[in-house]
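# Any chance you could fold what I've pasted below:
(2 chains)
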Number of protein chains: 2
Amino acid sequence: MTGGEEEVILLDFWASMLGMRCRLGLTLKGINYEYREEDLRNKSPLLLQMNPIHKKIPVLVHNGRPVCESLIILHYIDECLPDTYPLLPSDPYERSQSRFCADFVDKKFYETGRKVWSTKGEEQESAKRDLMEIIKLLEVQLGDKPFFGGERLGFLDVAVVPFSTWFYSYQKLGNFSMEGECPKLMAWVNRCLEIESVSKSLVDPHKVYAFVLQLKKALGLE
Amino acid sequence: MTGGEEEVILLDFWASMLGMRCRLGLTLKGINYEYREEDLRNKSPLLLQMNPIHKKIPVLVHNGRPVCESLIILHYIDECLPDTYPLLPSDPYERSQSRFCADFVDKKFYETGRKVWSTKGEEQESAKRDLMEIIKLLEVQLGDKPFFGGERLGFLDVAVVPFSTWFYSYQKLGNFSMEGECPKLMAWVNRCLEIESVSKSLVDPHKVYAFVLQLKKALGLE
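Purely as a prediction, here's the structure:
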């Protein structure tokens, strides 16, 4: 997958947490790839052809064949290159727990975060409480380890850390401090950001905030 | 996992497609386990302790440690016993496609099926059309192979075939014939049912129908 004859293309959108997972995973694996930015209001024929079912980014196109859904893409690159920076733990039970937590994040974090920036009043307060419950569960999973993967980044770190690029927007639009509410998770974010592969793969939270303000305007949510 | 000192318990509910996935997977793997039926209106302390996040069956408890979510349970038993009846294909790309389709089934099939038996009129007609679209996509994935896994049952067969126990209810309550609408998938169901591990792991569709009628009554949907 890293050889000269391999063609790896990532169809993505810059502010997508799910896209950033793939960018970070590809970077950790040392896989060269071509990044193609999608206009989500005018999706490319290639995206519609490669992901006809969901029509969503990210899609990894490897030698012309698509792999869709960010966690499935992480599994795929981990299994294509098992010896280079393994993402999933080697122990079957630890693997199951990493998958469970990543699945939980996909089922809960994204939508709850969206409610934090897109709603007001009691609905927003409720979303903030839900977000903190989710984060507390992640903090339990982290325990006293520096990373979810132990001494180094693993599958769950890669799955979760892109969400941190939206934390600034959650805080500004939800009017609360995550540093005050969940210092343990925030310390983990800072440890991750000290790693060059992470800081290079994640986008600027202030740019995300400007994008979220635009999005709210476009959705008539101001 | 098959040795005498291993304790494997499945917390389950008889009519659950997701539970039947696990029962079939455990049977194919030759894993001895203790089946424990849950009363979903009065969940056991063990279920609440083992799956505090979702509080849902199925849960596999292996030597006191829980694994939750049916597809994650299938991965777990496949990775614990990689040499006995491998469920996932060995090729990384084929693996990614099995995962993608199983994920698609989880995201679409369950909820669409529920709408087919629980709604009426235009809502039900729309759900029936959606169900047929989902099934057509599965038929494309099946292609000319006898099973999704090729010449024998694989991960995706195990993930999908339990839904067939609800087909009789969909047809009776939706007033349509799946034999007429999707003969290719129905032929695959029949091929699966000729395999003893499958027929032993799946429940009687008529019992499911009686249960669905009870459920509709309890939910005030008659």
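
# Now do the buried residues in the element among helices and strands of chain A having the smallest mean pLDDT.
For chain A, counting by mean pLDDT, DSSP states H and E, helix A:178-181 ranks last in confidence among helices and strands (a mean of 91). Across helix A:178-181, burial judged by 16 or more other CB atoms under 10 Å in any protein chain shown covers A:Met178. To be clear about C-beta, it is placed using only N, CA and C from the backbone, and glycine gets the same treatment.

# Which strands and helices lie in contact with it?
Packed against helix A:178-181 by the contact rule (3 or more CB pairs under 8 Å, 6 or more residues apart in numbering or on different chains; DSSP states H and E) you find helix A:121-142, helix A:167-174, helix A:183-193.

# so how far is it off the chain centroid?
Averaging C-alpha positions (CA atoms, centre = their mean, to the nearest Å) puts helix A:178-181 20 Å from its chain's average.

# next one: stretch A:21-30
Relative to the mean C-alpha coordinate of its chain, stretch A:21-30 is positioned 11 Å out (CA atoms, centre = their mean).

# what comes into contact with stretch A:88-106?
A:71, A:75, A:78, A:134, A:137-138, A:141, A:148-150, A:154-156, A:159-160, A:163, B:53-54, B:62, B:65, B:67-69, B:72-73, B:75-76, B:79-80 (CB atoms under 8 Å, 6 or more residues apart in numbering or on different chains).

# which of the residues you listed count as buried?
For the contacts of stretch A:88-106, a neighbour count by 16+ other CB under 10 Å gives the buried set as A:71, A:75, A:78, A:134, A:137-138, A:141, A:148-149, A:154-156, A:159-160, A:163, B:62, B:67-69, B:72-73, B:75-76, B:79-80.

# who's in contact with the least confident helix or strand of chain A?
A:132, A:135, A:167, A:170-171, A:185-186.

# 10 Å instead, please
If you take CB atoms under 10 Å, 6 or more residues apart in numbering or on different chains as the criterion, helix A:178-181 is touched by A:128, A:131-132, A:135-136, A:164, A:167-168, A:170-171, A:185-187, A:189.

# Now render these as JSON lines, adding pLDDT.
JSON lines is the format used below for the contacts of helix A:178-181 (pLDDT from 0 to 100):
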{"residue": "A:Lys128", "pLDDT": "96"}
{"residue": "A:Leu131", "pLDDT": "96"}
{"residue": "A:Met132", "pLDDT": "95"}
{"residue": "A:Ile135", "pLDDT": "96"}
{"residue": "A:Lys136", "pLDDT": "94"}
{"residue": "A:Ser164", "pLDDT": "98"}
{"residue": "A:Phe167", "pLDDT": "97"}
{"residue": "A:Tyr168", "pLDDT": "97"}
{"residue": "A:Tyr170", "pLDDT": "96"}
{"residue": "A:Gln171", "pLDDT": "96"}
{"residue": "A:Leu185", "pLDDT": "97"}
{"residue": "A:Met186", "pLDDT": "97"}
{"residue": "A:Ala187", "pLDDT": "97"}
{"residue": "A:Val189", "pLDDT": "98"}
